[in-house]
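Student: sequence? don't have it. structure:
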Ligand code: SOE
């Protein structure tokens, strides 16, 4: 009997997140046929460094390779839409980094194309794949919190604190008109919608740019990389936000507040949320991802530690190790990819999807557009449904 061939992947982009995709794919036994980079020499060098069979001479060459079933897009935001469109047109499934596109017009088109092509398209909102985030969702679904009243929290980083910090995300032509909100705010919004099941109906946002200019290195620099020396830099004006303060109105009447920042010293990658319900509350923090706080009014508060033996089936299946064995960021990618590839291999593309789809990516782009408009107009803005 011949074993069924498992899908093969190709990864486009090898900055900070491309190699993280590669590692997660290796952990779930998915073959990576090759890598794409800005030119064939870089692709070949990266393939050798990362132990991948080949570096494609171009993106088009990867799409022309019949052995590639799934294209992972780990490239700057401005390339997401054109590359995803080309990959879908070539009959490939697509797993795209977030945000899905530069505008909601682009993401609407991508979601429609993916639907029509009958291919499986996902957006890498990986952070919802922490076991205790799934557990929080199960707790809410079981009604243990009661009615959701308040949803509040933050996503804080410090890697763009200094005006000498530079990354492609600071250039709106590559990253889009929103920066901190699109890059990390949408992770938070995706996560709380996933956990509560509630749609954000309206937003009020204030955006703050604390560095009007930044020192841009003349050569390339990868995300979270160390800074270039001052002599190799030029001053460039900055138009995107370092931070945002956002008010939210959810369907059903719950209210929310979110702080997003890339300039909060000491907060390396800190996503936190608290959900206050009419019976009890819960809170989670990505820098302590293996514990979930449960707030009680008439009895002692509790801390649930990640232990598959104590979790609901939906959360236990995301725990690769027994209780006390800490799991983290890399495991969320592995968990999302496992769900995505299992879906492709099962072959029923009409079945419900438990990974973030292009429709979810489009929802985040609708939110981004509404947030930008709200900040410009200084007013509440309703978020359209589609
Ligand atoms: C950079 O801000 C970044 O790498 C994001 O792009 C990721 O989505 C987040 O997980 C960590 O920070």
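Tutor: Alright, I've got the coordinates. Computed from a predicted model, the values in this text were never measured in an experiment.

Student: the strands in the stretch 151-300 of the chain, which residues?
Tutor: Counting by DSSP state E, counting those that start in this stretch, the stretch 151-300 of the chain has strands at residues 200-208, 213-217, 233-237, 243-250, 255-261, 270-277, 281-285, 291-295.

Student: and these: which comes nearest residue 52?
Tutor: strand 213-217 (27.6 Å; CB to CB). Using the backbone N, CA and C atoms, a C-beta is placed for each residue, glycine as well.

Student: residues of the stretch 251-386 of the chain that sit close to the ligand?
Tutor: residue 269 (CB under 6 Å from any ligand atom).

Student: low-confidence ranges in the stretch 251-386 of the chain?
Tutor: Judged against pLDDT under 70, the stretch 251-386 of the chain has no low-scoring part.

Student: may I see the strands of the stretch 151-300 of the chain arranged in a markdown table, with mean neighbour count and distance to residue 18 as well?
Tutor: What follows is these, written out as a markdown table (neighbours: other CB atoms under 10 Å; distance: least, CB to CB, whole Å):
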| stretch | mean neighbour count | distance to residue 18 |
| --- | --- | --- |
| strand 200-208 | 20 | 29 |
| strand 213-217 | 17 | 20 |
| strand 233-237 | 12 | 26 |
| strand 243-250 | 20 | 27 |
| strand 255-261 | 21 | 24 |
| strand 270-277 | 21 | 22 |
| strand 281-285 | 20 | 27 |
| strand 291-295 | 17 | 31 |
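
Student: and of these, who's closest to residue 37?
Tutor: strand 213-217 (19.2 Å).

Student: and the average pLDDT for the closest one is what?
Tutor: The average pLDDT for strand 213-217 rounds to 96.

Student: helices along the chain, start to end?
Tutor: 18-27, 40-50, 59-63, 77-89, 104-117, 131-141, 172-175, 180, 186-196, 313-316, 329-346, 358-377 (DSSP state H).

Student: could you dump those helices into JSON lines and include mean neighbour count and distance to residue 263?
Tutor: Shown next, in JSON lines, are these (neighbours: other CB under 10 Å; distance: least, CB to CB, whole Å):
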{"stretch": "helix 18-27", "mean neighbour count": "19", "distance to residue 263": "24"}
{"stretch": "helix 40-50", "mean neighbour count": "16", "distance to residue 263": "31"}
{"stretch": "helix 59-63", "mean neighbour count": "19", "distance to residue 263": "34"}
{"stretch": "helix 77-89", "mean neighbour count": "20", "distance to residue 263": "20"}
{"stretch": "helix 104-117", "mean neighbour count": "19", "distance to residue 263": "27"}
{"stretch": "helix 131-141", "mean neighbour count": "22", "distance to residue 263": "25"}
{"stretch": "helix 172-175", "mean neighbour count": "15", "distance to residue 263": "16"}
{"stretch": "helix 180", "mean neighbour count": "24", "distance to residue 263": "8"}
{"stretch": "helix 186-196", "mean neighbour count": "24", "distance to residue 263": "16"}
{"stretch": "helix 313-316", "mean neighbour count": "16", "distance to residue 263": "33"}
{"stretch": "helix 329-346", "mean neighbour count": "19", "distance to residue 263": "21"}
{"stretch": "helix 358-377", "mean neighbour count": "22", "distance to residue 263": "17"}
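
Student: residue 70 is nearest to which of those?
Tutor: helix 329-346 (7.1 Å).

Student: for that closest one, packing partners?
Tutor: Secondary-structure packing of helix 329-346 (3 or more CB pairs under 8 Å, 6 or more residues apart in numbering; DSSP states H and E): helix 18-27, strand 93-96.

Student: first to last residue in stretch 159-179, what's the distance?
Tutor: End-to-end distance for stretch 159-179, by CA to CA, to the nearest Å: 13 Å.

Student: quick check: buried residues in it?
Tutor: Applying a neighbour-count criterion of 16 or more other CB atoms under 10 Å, the buried positions in stretch 159-179 are 160-161, 165-172, 175-179.

Student: just curious, which of these is nearest to the ligand?
Tutor: Nearest to the ligand among these: residue 169, at 7.0 Å, using CB to the nearest ligand atom.

Student: what about that closest one, distance to residue 190?
Tutor: Noted for residue 169: a distance of 18 Å to residue 190, by CB to CB, to the nearest Å.

Student: number of nearby residues for residue 75?
Tutor: Neighbours of residue 75 under the rule other CB atoms under 10 Å: 25.

Student: ok, the residue lying closest to residue 154 once chain neighbours are set aside - contacts?
Tutor: The spatial neighbour of residue 154 that comes closest, neighbours along the chain excluded (CB to CB, 6 or more residues apart in numbering), is residue 259 at 4.2 Å. By CB atoms under 8 Å, 6 or more residues apart in numbering, the contact list for residue 259 reads 153-156, 243-246.

Student: which one of those residues is nearest to residue 254?
Tutor: For the contacts of residue 259, the nearest to residue 254 is residue 153 (13.2 Å; CB to CB).

Student: was I right about the closest one contacting residue 187?
Tutor: No - at 11.2 Å, residue 153 does not count as touching residue 187 under the criterion of CB atoms under 8 Å.

Student: what is in contact with these two at once?
Tutor: residue 271.

Student: could you give the number of residues near residue 57?
Tutor: Residue 57: 15 neighbours (other CB under 10 Å).

Student: can you tell me how far it is from residue 21?
Tutor: 21 Å.

Student: swap in residue 14?
Tutor: Counting by CB to CB - residue 14 and residue 21 are separated by 9 Å.

Student: between the two, what contacts are shared?
Tutor: With CB under 8 Å, 6+ apart, residue 14 and residue 21 have common neighbours residue 74.

Student: tell me how the chain divides into domains.
Tutor: Per automatic domain parsing, the domain ranges recorded for the chain read 8-127, 131-327.

Student: which one of these lies nearest to residue 364?
Tutor: Here domain 131-327 is closest among the domains of the chain (CB to CB), at 4.2 Å.

Student: just the endpoints, please. Distance across the closest one?
Tutor: Note: domain 131-327 ends 9 Å apart using CA to CA.

Student: next one: that domain to chain centre, how far?
Tutor: 10 Å (CA atoms, centre = their mean, to the nearest Å).
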